[in-house]
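K.L.:
Okay, here's the prediction I keep looking at, along with the sequence it came from:
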Amino acid sequence: MADHSNKLDFENLYTSGLWSPVIETWAQMQQYAIKDDAVFFEDTKTILSRIKNKGTYTAFADKMVGVFAKAGKDVMVSDLGRYLAQSGQIEKAPNRLISAMNDLVAGSTAPFLQTPAGKKAITKKTLLFFYESGCNNCENEIHQLLGNYQIVKDKGYEVITVAADMTKEAGDGHGHEFPWKEQLCDYKGFAGPNFISYGIIGTPTFFTIDEKGKITGRYARLIDANILNNFVLTTDK
């Protein structure tokens, strides 16, 4: 394919009806032919730097956040979110883009959680888990968390879960009974305030938070959070 990052007129492309197919084909070429995330990310920034219209800029930025998230490139989502937040070019950002721009890194203060009782500040050592019922990776992590819950408790963590489910029936057929108290779900999915304030683009996502309310890590798998060190990983099955 041609070098879209330097030659293609994206503002004309935006109104052509070929917007999504062209971008998705270019992204597939980056992932499966070039296979270099650093090049992919720099080419994305080059395209953004050439787009002068804020509406088109925002649309392309949102599209690329989706592309990176779908490919499981969480680091690239975070890096792009920070880049966009500093750009001053985003106009009327959709929720997915807002979430990426709200990306939280280690050392950030954990945002308030919206609960049925109002806003809740995290002031205890906490494992915060965002998930969606029925998502295969989420179900795997739910089983890992349930199977190792006593270890998590013994390490001093309070568990809080936040579901992206849109209906009460979304969890039917999975049969989970969580032993922790805080189980949040507002049935707004990824558009919910907790998902947006914590910058959640995809699930599963874990945050570890210390007693001072500071984020100490963000992970896609429980095993990567270093809570289960020196223990044998089990499941609830």
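P.N.:
Noted; the coordinates are in hand. Residues are numbered from 1 along each chain as shown.
K.L.:
Can you read off the pLDDT for K45?
P.N.:
In this model, K45 is scored at 96, pLDDT.
K.L.:
Can you classify it as helix, strand or coil?
P.N.:
Assigned with DSSP: H, G, I helix; E, B strand; the rest coil, K45 falls in the helix class.
K.L.:
domain parsing for this protein?
P.N.:
Using automatic domain parsing, the domain parsing of the chain gives 4-101, 113-225.
K.L.:
tell me which helix or strand of this protein sits lowest on mean pLDDT?
P.N.:
Using mean pLDDT, DSSP states H and E, the weakest-scoring helix or strand in the chain turns out to be helix 4-7, at a mean of 68.
K.L.:
next structured bit after that helix?
P.N.:
Counting by DSSP states H and E, the next helix or strand C-terminal to helix 4-7 is helix 10-14.
K.L.:
Tell me the helix or strand right after that next one.
P.N.:
helix 19-29.
K.L.:
I'd like the mean pLDDT over that following helix, please.
P.N.:
94.
K.L.:
Could you list the buried residues of that helix?
P.N.:
Of all the residues in helix 19-29, those buried under the rule 16 or more other CB atoms under 10 Å are W19, I23, W26, A27. (Glycine included, C-beta is placed from N, CA and C.)
K.L.:
Enumerate every residue touching the second one.
P.N.:
If I follow you right, that is I23. F60, K63, M64, V67 (CB atoms under 8 Å, 6 or more residues apart in numbering).
K.L.:
ok, so what distance separates it from M64?
P.N.:
I23 is 8 Å from M64, where distance means CB to CB, to the nearest Å.
K.L.:
Columns distance to A191 on top of the buried residues of helix 19-29, output as CSV?
P.N.:
Shown next, in CSV, are the buried residues of helix 19-29 (distance: CB to CB, whole Å):
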residue, distance to A191
W19, 23
I23, 23
W26, 28
A27, 24
